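# heads up, no residue letters with this:
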């Protein structure tokens, strides 16, 4: 697999890195809480929960390391293997889910998809900031899917 | 030499449990992109892109779909992997 590059402005990299520092620990908790863990067998449930926690921690480390390594302007995240690219893809999904659940769960999906909320000045600035980051992470994710597996897109 | 007369114990309840089939269900979620879900299915379920796209569309249109049916252990493994892809996956006994 050729090396995959995700490019963003230095400003975007700084903003997303700052947000990641805040949201990454919560993203782990959201991933575990959101999962439907079968509870009929205590051993299975315990293994399942541990696996999700470990996986979520690994994703947080990967994101922190990827953004820390993206220097310069534009800032470039380099993903050198398919495994690394897939892990990054999952990690970004985790952050988007956490933002959606923790920061703007009150906003309907239809409004988010249309990005209407970005222009809604009646919203608190933190919420608008989080929505903008959510959209940026979405763009990164779509760019990654397009490079990694173009046949997955319609 | 005579064989020891040991009558095998047959438990109907246990064999029924062992043979029971389980569905791995994935429900629609508004956060993950369609392309992302296809990549997840290709990698976790090991199915071709076209089949993964069909499943993804079914979930998008119907709100949920059964993505795999079979034994409990494998179903658990797949549901866990799909959850690690942050999809809304769960197990249900096959009717």
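On my side now, so go ahead. Not measured: the values here are computed from a predicted model.
# And the closest residue to residue A:8 other than its chain neighbours, its phi and psi?
The shortest distance from residue A:8 to any non-neighbouring residue, by C-beta to C-beta, 6 or more residues apart in numbering or on different chains, is to residue A:75 (5.5 Å). (Glycine included, C-beta is placed from N, CA and C.) With angles defined as degrees, to the nearest 10, residue A:75 sits at phi -80, psi 140.
# distance of residue A:75 from residue A:67?
When distance is defined by C-beta to C-beta, to the nearest Å, residue A:75 is 8 Å away from residue A:67.
# list residues touching both of those two?
Residues touching both residue A:75 and residue A:67 by C-beta atoms under 8 Å, 6 or more residues apart in numbering or on different chains: residue A:13.
# need the residues of chain B near chain A, please.
Counting by C-beta under 8 Å from any C-beta of the partner chain, chain B comes close to chain A at B:30-36, B:38-39, B:42-43, B:49, B:52-53, B:76, B:79-80, B:83-86, B:88-91.
# Spit out the contact partners of the residue nearest the centre of chain A.
With distances taken as C-alpha atoms, centre = their mean, the residue of chain A nearest its centroid is residue A:92 (2.2 Å). Listed by C-beta under 8 Å, 6+ apart, the contact partners of residue A:92 are A:63, A:137, A:140, A:141, A:144.
# where's the strand or helix carrying it relative to the chain centroid, distance-wise?
Counting by DSSP states H and E, the element that carries residue A:92 is helix A:82-102. Computed by C-alpha atoms, centre = their mean, to the nearest Å, the separation of helix A:82-102 from the middle of its chain amounts to 3 Å.
# And it, what's buried?
Buried residues in helix A:82-102, counted by 16 or more other C-beta atoms under 10 Å in any protein chain shown: A:84-101.
# Heading C-terminal from that helix, find the next helix or strand.
Beyond helix A:82-102 toward the C-terminal end (DSSP H and E), the next one is helix A:109-113.
# Could you list the residues in contact with that following helix?
Residues outside helix A:109-113 that contact it (C-beta under 8 Å, 6+ apart): A:100, A:104, A:117, A:131, A:134, B:30.
# May I ask you to confirm that the fifth one belongs to a strand?
No. Residue state for residue A:134 (DSSP: H, G, I helix; E, B strand; the rest coil) corresponds to helix; a strand is not indicated.
# right, and it touches residue A:96 too?
Yes. Residue A:134 lies in contact with residue A:96 (C-beta atoms under 8 Å); the separation is 5.7 Å.
# shaky segments in chain A?
In the predicted model of chain A, residues A:113-119 satisfy pLDDT under 70.
# most residues in a single helix of it, which one?
Across chain A, the longest stretch assigned as helix under DSSP state H is helix A:42-68.
# which strands and helices sit next to that one?
helix A:10-34, strand A:75-79, helix A:82-102, helix B:72-84 (3 or more C-beta pairs under 8 Å, 6 or more residues apart in numbering or on different chains; DSSP states H and E).
# Name the residue closest to the centre of chain B, please.
Nearest residue to the geometric centre of chain B (C-alpha atoms, centre = their mean): residue B:24, 2.9 Å.
# got the residue ranges for the strands in chain B?
Secondary structure of chain B by DSSP state E: the strands cover B:22-27, B:64-70, B:88-93.
# Let's have those strands in a markdown table, adding mean pLDDT and distance to residue A:38.
What follows is these, written out as a markdown table (pLDDT from 0 to 100; distance: least, C-beta to C-beta, whole Å):
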| stretch | mean pLDDT | distance to residue A:38 |
| --- | --- | --- |
| strand B:22-27 | 97 | 10 |
| strand B:64-70 | 98 | 15 |
| strand B:88-93 | 96 | 6 |
